[in-house]
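> quick check, what structure comes out for this input:
(3 chains)
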Amino acid sequence: MTVSRTRMSAQGPEVSKLIAGYWRLKNWGMTPQQVLGFIEQSLEMGITTVDHAMVYNSEQPFGEALALDSAIREKLEIVTKCGIRPCGFGELGAKAVNHYDSSAAAIQQSVDASLNKLGTEYIDVLLIHRPDFLMNANEVAEKFLQLKQAGKVRYFGVSNFTTDQFELLQKAVKALIPEGLVTNQIEFSPLYMEPLENGLLDQCARHGVAPMLWSCLGGGRLMTPNDERSQRLHDALRIVADECNLSDIEPVVYAWALTLPGNALPLLGTSKIERVKVAVQAANLTLNREQWYRIWEASTGHAVP
Amino acid sequence: MTVSRTRMSAQGPEVSKLIAGYWRLKNWGMTPQQVLGFIEQSLEMGITTVDHAMVYNSEQPFGEALALDSAIREKLEIVTKCGIRPCGFGELGAKAVNHYDSSAAAIQQSVDASLNKLGTEYIDVLLIHRPDFLMNANEVAEKFLQLKQAGKVRYFGVSNFTTDQFELLQKAVKALIPEGLVTNQIEFSPLYMEPLENGLLDQCARHGVAPMLWSCLGGGRLMTPNDERSQRLHDALRIVADECNLSDIEPVVYAWALTLPGNALPLLGTSKIERVKVAVQAANLTLNREQWYRIWEASTGHAVP
Amino acid sequence: MTVSRTRMSAQGPEVSKLIAGYWRLKNWGMTPQQVLGFIEQSLEMGITTVDHAMVYNSEQPFGEALALDSAIREKLEIVTKCGIRPCGFGELGAKAVNHYDSSAAAIQQSVDASLNKLGTEYIDVLLIHRPDFLMNANEVAEKFLQLKQAGKVRYFGVSNFTTDQFELLQKAVKALIPEGLVTNQIEFSPLYMEPLENGLLDQCARHGVAPMLWSCLGGGRLMTPNDERSQRLHDALRIVADECNLSDIEPVVYAWALTLPGNALPLLGTSKIERVKVAVQAANLTLNREQWYRIWEASTGHAVP
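Coordinates of the predicted model:
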């Protein structure tokens, strides 16, 4: 069973419908050879797109794995993120706080560091990791254009932006780069459905931009429920899994996210290749509307109005 | 006294400023002849537009009344709604939950059933009843175009959509049907004033689209107050009614809604023709700004900032 | 040290980056000569733009000061506001409530009264003071055009509008006046940061419109904290002031607001020229991102996500 392919937007990059998230790679305790094995086995399932960020510290170990096989880079689409300054990077020592920095200099510095750590010539998709309240949209757009012209980054997107923040940057980017932003990576799961009603998913659909979805499994709480709501969801997912003759509920969760109309792209987060195989079952799974709304109802605790 | 006429949008349908809501028709306990009498008496007051929905089960008894007078259909503008799948319609039996379905097939099926029950060749305005989180805007727009070209539906709108949901579908519909959506039917009353500040009324005005308003009387709580807030509103409405030499407060409530700048269209909901006559007094009533804001203040419990 | 100049929008008026707010002028207990002195000393610091409103009752005493020096009017940009009907103005006597009135007649009446009280031929920027739920956007836009053509008002803006209210009026105004609205004057301070996330600042930046910011000092609570949060902010501001070798925290607050990317224009509110001098130190102050976010963190009580 393999995952199908799609475009993030009409002129955007081609990616896999499920994306491997490497945000905890540093804690996986793998040798470069083991990471390479994980990448290869994921590729066999059609998962060609990988998600990183400067602050995950995942680029270095990922790059060490890539270095073992010169042919593998071209088989992947690498998404990474910039714009967070972790505590300690500031010039004020102990007084420094984590903060965001989407200045041209910070973006350039982050991209150069990412390219270096990954050991690659280009990033497929660069995201602004968090909305920086001090973002100068025109400055960001101009830096994006430079990076594109330099061949260092092919496409651009954002993460965790509100609709108004997206609208602002999208306008500035489109003025310089015709295809504009190609994604907004947002949190979405049966435990966090706000994007259904706060306009984020509507906006992505209106712009023809595929949302990347992080934390679809709710940090694992759907599999190991710890309160009434997650238990209710677990039970509802279990029933749908049974109806679909599946022994695991993860594929139901991913299929539930893939059912969204706007070409949603769920991120996986597991280090275990057997869990990836389980998740990939979602690729062949179609939930009907009644099943989808049953999970919605389990999440909200009430019927639709 | 008769109700005036307006257009829902520049290229939209002509309708009456007050609209007869038949959502509880099935419980009115009327014979077809009695329903016909109610329709005729409403028409004499200028109320030509009627509101239905598949899930109200009001189309069948309404159609039975229309069947008694072959000339009456042409005197009416029929609004009806599709897109809700009540519990039991699902293929999963006892496990089924109420859900929304705005798929092309569901819209087609609902329209055909409505036409059949109403015994008419066409629907004037078809609304998507509730925002379906799984709505594919392009699929809906294409189905709308087919229904228009087939002569089955003349105009299209939505109900209970947020601003982002409206923006998404409006863009898709306008790409195929020049006049786009012609209304968003939303809840609005002195007891529920959120649309004043959540953008819904601003958006309708910006798009030149008349909002239809449901539950203007707050489910009757304005006439029979059951808490401090509804009592305060009742008293404020009573004072304005006195100032206008009216014995009832309903016309004040409808006039309050009609004062909104964006061509708002309140729905009535009564089965009693004498209450319709009372409501129609709103057509001749103009509230000044001070009276309007007095009711706003009674609702919020505080002065404007 | 003097304040720099900017444009409110690409075709908008040139103004000073700090604006003198006269909303409490009536309580300052100054003679016209003293007010003139205050204006002149502010001008020496580059503060050429002044903020009034019909309901502040500040126009009369300000006009009396202007009358003492026929050359001074041309050195100023006068912003004033219309659209509030205070209690007692209504035609209903004791029953009257404060309300908003953005009718053409009310705007005309307010402008004529403002011109008369200020003793000037023109207003530089006229704002609708509060969003009137009964605002007819086209009626307002037409009145704006008339006032502009009559030379009575040069530019137009709004105050305290939500994003949807702004979008509605902006569209109507742009259809008649190419430069459209030139500002939205909103509340913003370290104690009230909602505009960072509710879209207001993003919208201003997207429209290329400078937001005017009222109550930047949080009504004085930042200097004399009265709860845990304002104390925490006071302390954080104090540390930044120390880092910048400043004895006062006000310039840090204003510099914090001036750091916003969308050309924000803070209002001052003090009657004491020495406090103006202190505030003007912000003109030479540049906060780095880490300092800016430290204040944000002190306000929210938590680190950025």
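> going by C-alpha atoms from here, please, whenever you check contacts or count neighbours.
OK.
> contacting residues around the residue of the stretch 51-200 of chain A found nearest chain B?
Closest to chain B within the stretch 51-200 of chain A is A:Gly199: 5.1 Å, counting by CA to the nearest CA. Residues in contact with A:Gly199 (CA atoms under 8 Å, 6 or more residues apart in numbering or on different chains) are A:Thr163, B:Thr163, B:Asp164, B:Gln165.
> how does it look with 10 Å?
The contact partners of A:Gly199, by CA atoms under 10 Å, 6 or more residues apart in numbering or on different chains, come to A:Thr162, A:Thr163, A:Asp164, A:Ala205, B:Thr162, B:Thr163, B:Asp164, B:Gln165, B:Glu167, B:Leu168.
> repeat that for A:Gly37.
Applying CA under 10 Å, 6+ apart, the residues near A:Gly37 are A:Thr31, A:Leu43, A:Ala65, A:Ile273.
> any idea how far it is from A:Val15?
20 Å (CA to CA, to the nearest Å).
> one more: A:Asn226?
34 Å.
> of these two, which one has the most company?
A:Val15 (22 against 10; other CA atoms under 10 Å in any protein chain shown).
> helix or strand right after the helix or strand A:Leu237 falls within?
For A:Leu237, the host element (DSSP states H and E) is helix A:228-243. The helix or strand immediately downstream of helix A:228-243 is helix A:250-258, counting by DSSP H and E.
> remind me what the next helix or strand after that following helix packs against, helices and strands.
Next helix or strand after helix A:250-258 toward the C-terminus (DSSP H and E): strand A:265-268. Counting contacts by 3 or more CA pairs under 10 Å, 6 or more residues apart in numbering or on different chains; DSSP states H and E, strand A:265-268 is packed against strand A:14-16, strand A:19-21, strand A:49-51, strand A:184-187, strand A:212-214, helix A:250-258, helix A:273-280.
> interface residues of the stretch 51-200 of chain A facing chain C?
A:84-87, A:89-92, A:95-103, A:130-138, A:161-172 (CA under 10 Å from any CA of the partner chain).
> ok, and which of those reach chain B?
A:Thr163.
> out of the residues of the stretch 51-200 of chain A next to chain C, which end up buried?
A:84-85, A:87, A:90, A:96-103, A:130-138, A:161-172 (16 or more other CA atoms under 10 Å in any protein chain shown).
> quick one: which of those sit in strands?
The strands, defined by DSSP state E, take in A:Ile84, A:Arg85, A:His99, A:Tyr100 from these.
> list the contacts of the most centrally placed residue in chain A.
Centroid check for chain A by CA atoms, centre = their mean gives A:Met212 as the closest residue, at 4.5 Å. With contact set as CA under 10 Å, 6+ apart, A:Met212 has these partners: A:8, A:17-19, A:51, A:158-159, A:182-188, A:263-267.
> returning to what we had before: neighbouring contacts of the helix holding A:Leu237?
With CA under 10 Å, 6+ apart as the criterion, helix A:228-243 contacts A:190-191, A:218, A:220-225, A:244-253, A:256, A:287, A:291-292, A:294-301, B:92, B:95.
> now do it and helix A:250-258, the angle between them.
Orientation note: helix A:228-243 sits at an angle of 100 degrees relative to helix A:250-258 (axes from the mean of the first three to the mean of the last three CA atoms, to 10 degrees).
> give me the buried positions along helix A:228-243.
Result for helix A:228-243 [16+ other CA under 10 Å]: buried residues A:229-241.
> quick check: pLDDT value at the closest residue to A:Tyr155 other than its chain neighbours.
Sequence neighbours aside, A:Val125 is the residue nearest to A:Tyr155 in space, at 4.6 Å (criterion: CA to CA, 6 or more residues apart in numbering or on different chains). pLDDT, A:Val125: 98.
> contact partners for A:Val125?
A:12-13, A:49, A:51, A:77-81, A:152-158, A:181-183 are the contacts of A:Val125 under CA under 10 Å, 6+ apart.
> do the same with A:Met8
So A:Met8 contacts A:14-17, A:155, A:157, A:181-183, A:208-212, A:263-265 (CA under 10 Å, 6+ apart).
> give the pairing partners of the lowest-mean-pLDDT helix or strand in chain A; include direction for each.
None of the helices or strands of chain A scores lower by mean pLDDT, DSSP states H and E than strand A:84-85, at a mean of 92. Sheet pairing of strand A:84-85 (DSSP bridges) gives strand A:99-100 (antiparallel).
> thought A:Val140 was touching A:Leu126, still the case?
No - with contact defined as CA atoms under 10 Å, A:Leu126 and A:Val140 do not form a contacting pair (11.8 Å).
> need the overlap of contacts for the two.
A:Ile107.
> and these two? which has more neighbours close in?
Just comparing A:Leu126 and A:Val140: by other CA under 10 Å the higher neighbour count belongs to A:Leu126, 30 against 20.
> can you verify that one is assigned to a strand?
Yes - counting by DSSP: H, G, I helix; E, B strand; the rest coil, A:Leu126 falls inside a strand.
> could you measure from it over to A:Ala210?
In terms of CA to CA, A:Leu126 sits 15 Å off from A:Ala210.
> just A:Pro251 next, same as before
Counting by CA to CA, the gap from A:Pro251 to A:Ala210 is 20 Å.
> likewise A:Gln146?
Distance from A:Gln146 to A:Ala210, by CA to CA: 24 Å.
> who has more neighbours out of those two?
A:Ala210 (24 against 15).
> ok, now which ones touch that one?
A:6-10, A:12, A:182-185, A:201, A:204, A:261-265.
> give me the buried entries from these.
Among these, those classed as buried by 16+ other CA under 10 Å are A:6-9, A:12, A:182-185, A:201, A:204, A:261-265.
> out of those, who's nearest chain B?
Of the buried ones among the contacts of A:Ala210, the one sitting nearest to chain B (CA to the nearest CA) turns out to be A:Pro261, at 5.4 Å.
> isn't the closest one right next to B:Ser102, touching?
No - the criterion here is CA under 10 Å, and A:Pro261 misses it with B:Ser102 at 11.4 Å.
> residues shared between the contacts of the two?
B:Phe133, B:Leu134, B:Met135, B:Asn136, B:Ala137.
> contacts with chain A among those residues, please.
Answer for the shared contacts of A:Pro261 and B:Ser102 near chain A (CA under 10 Å from any CA): B:Phe133, B:Leu134, B:Met135, B:Asn136, B:Ala137.
> surely the third one touches A:Pro261?
Yes - when contacts are counted by CA under 10 Å, B:Met135 is listed as touching A:Pro261 (6.4 Å).
> identify the contacts common to these two.
A:Asp202.
> pLDDT score assigned to the residue of the stretch 1-150 of chain A at minimum distance from chain B?
In the stretch 1-150 of chain A, the residue that lies nearest chain B is A:Ala10 (14.7 Å; CA to the nearest CA). Looking at A:Ala10, its pLDDT is 97.
> do you know how far the residue nearest to it when sequence neighbours are not counted is from chain C?
Once flanking residues are discounted, A:Ala10 sits nearest to A:Gly208: 7.0 Å by CA to CA, 6+ apart. Separation of A:Gly208 from chain C (CA to the nearest CA, to the nearest Å) stands at 20 Å.
> which residues of the stretch 51-200 of chain A score low on pLDDT?
Residue ranges of the stretch 51-200 of chain A with pLDDT under 70: A:88-95.
> for it, what lies in contact range of chain B?
Residues of the stretch 51-200 of chain A lying near chain B (CA under 10 Å from any CA): A:Thr163, A:Leu196, A:Glu197, A:Asn198, A:Gly199, A:Leu200.
> make it 7 Å
A:Leu196, A:Gly199 (CA under 7 Å from any CA of the partner chain).
> in stretch A:115-132, what's buried?
Neighbour count says stretch A:115-132 has A:115, A:117-120, A:122-132 buried, by 16+ other CA under 10 Å.
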